[in-house]
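Asks: Give me coordinates for this.
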Amino acid sequence: MINKKINIGIIGLGYLGNFHYQKFHNSSLCTIKWVIDNDIKTYKKIEDKKIKKGKDFHKIVDEVDAVSIITPTKTHYDIAKFFLKNKKHVLLEKPMTENASQANELIKIARKNKIILQIGHLERFNPVMKKLESEIKDPVFIEGHRLSEFNTRSTDINVIFDLMIHDIDIISNIVKTKINKISAFGKKIITSSTDIANVRLEFSRGCIANLTASRISQKNERKIRVFEKNKYWSVDFMNHKINKYSKVLKNKKYIFKKENFSFSKKDSLQSEINNFLNSCNGSENPLVTGTDGKNAIITASKISKILK
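Replies: Predicted structure coming up:
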């Protein structure tokens, strides 16, 4: 059986939106029917004459099967709600919404209409994740560092919703138990919201996660270390590498044996988009569901409340 091509509308052609456009355009699984952006200069750069362009997302609803929404966070809820109510599949960039109640409503609409609501937590498609998820059984301590050079494009949200939410999603997916306690410290350095923060999450089965996120760094870094009894993993998301250290007895002494795992560089965004398109066709399930997105929002909101 050959799945039909999905007719796609792309809502938002900013920094990330341009990458989405390229990946959808490269995919054999879909046809881009519309691109929508408030800036005429932006969408006039689209050279493909077959693609329609405009400012009003409402008018495309009868010509698409699905949309990818890559707009400022404050607009996510209204745009996604419109398309979900009209039974169109939605790929929604993270953070999913501004708050959990908005996320809940979108999930309910998607379930009622039996359509796909997938959230753009891109790091889940990093090739190191499959190995990490298969290895980790009972984590007791996790360290995370997510650093980024300053960029003006996401200053409408704080660093928790901007960067740390990736690690919140990853760690929640690994630990799989509820968070009992949250401690958080952060400062506003350049913008009017928190730019750098350190957070401690204490999970119900005893695991502790210490997370640091900064969007005012002089370098980009995305690393975590996950500790279990007698072993730990050092994960470099940017360079697609994992080092595993296991306690072994050698010459009557305990040492850490090191194993290196390197993964071929994979286009994580293309993988995410292909997963979405295949989910629309019913041949796959979304790797990151609306519920996953909502759970990350709940934790990020609790942290943000502490930091106010």
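
Asks: drop to CA atoms for contacts and neighbour counts, all remaining ones
Replies: OK.

Asks: CA atoms of stretch 254-267 as CSV?
Replies: Provided in CSV are the C-alpha atoms of stretch 254-267 (Å, rounded to 0.1, in the frame of the first residue of the first chain):
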residue,chain,number,x,y,z
TYR,A,254,38.2,-1.2,41.2
ILE,A,255,38.5,1.0,38.2
PHE,A,256,36.1,2.5,35.7
LYS,A,257,36.1,0.8,32.3
LYS,A,258,35.4,3.2,29.5
GLU,A,259,33.3,2.4,26.4
ASN,A,260,32.9,4.9,23.6
PHE,A,261,29.8,5.0,21.4
SER,A,262,29.7,7.4,18.4
PHE,A,263,26.7,7.8,16.1
SER,A,264,26.6,8.9,12.6
LYS,A,265,25.3,12.5,12.3
LYS,A,266,21.7,12.3,11.5
ASP,A,267,19.3,15.1,10.5
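
Asks: In it, which residues are buried?
Replies: Using 16 or more other C-alpha atoms under 10 Å as the test for burial, stretch 254-267 gives no buried residues.

Asks: contacts for that stretch?
Replies: Stretch 254-267 has contacts (C-alpha atoms under 8 Å, 6 or more residues apart in numbering) with 126-128, 231, 239-249.

Asks: repeat that for 10 Å
Replies: 23, 125-128, 131, 230-236, 238-250 (C-alpha atoms under 10 Å, 6 or more residues apart in numbering).

Asks: Can you select the buried ones from those residues in ChimeraX?
Replies: This is how ChimeraX selects the buried members of those, with burial counted by 16+ other C-alpha under 10 Å:
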select :23,125,126,127,128,231,232,233,234,235,236,240,241,242,243,244,245,246
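
Asks: What about the contacts of stretch 254-267, which are in strands?
Replies: Those of the contacts of stretch 254-267 mapping onto strands are 231-236, 241-250, per DSSP state E.

Asks: Name the residues of the helix or strand bottoming out on mean pLDDT in the chain that come out as buried.
Replies: Least confident helix or strand, the chain: helix 40-43 with a mean of 79, by mean pLDDT, DSSP states H and E. Residues Y43 are the ones in helix 40-43 that count as buried (16+ other C-alpha under 10 Å).

Asks: quick one: contacts of the helix or strand following it?
Replies: On the C-terminal side of helix 40-43, the nearest following helix or strand under DSSP states H and E is strand 52-54. The contact list for strand 52-54, computed with C-alpha under 10 Å, 6+ apart, reads 9-11, 32-40, 43-44, 46, 60.

Asks: Buried ones among the residues you listed?
Replies: G9, I10, I11, I32, K33, W34, V35, I36, D37, Y43, I46, I60.

Asks: now, which of these lie within helices?
Replies: Residues from the buried ones among the contacts of strand 52-54 lying in helices, with DSSP state H as the criterion: Y43.

Asks: can you name the two of the buried ones among the contacts of strand 52-54 that are farthest apart?
Replies: I46 and I60 (17.1 Å; C-alpha to C-alpha).

Asks: In terms of secondary structure, what does the helix or strand where L91 lies contact?
Replies: L91 is part of strand 89-93, with elements assigned from DSSP H and E. Applying 3 or more C-alpha pairs under 10 Å, 6 or more residues apart in numbering; DSSP states H and E, we find strand 89-93 packed against strand 6-11, strand 66-69, helix 73-85, helix 100-113, strand 117-120, helix 268-280, helix 290-307.

Asks: In terms of secondary structure, what does the first one contact?
Replies: Of the remaining helices and strands, those touching strand 6-11 by 3+ C-alpha pairs under 10 Å, 6+ apart are helix 15-26, strand 30-36, strand 52-54, strand 66-69, strand 89-93, helix 268-280.
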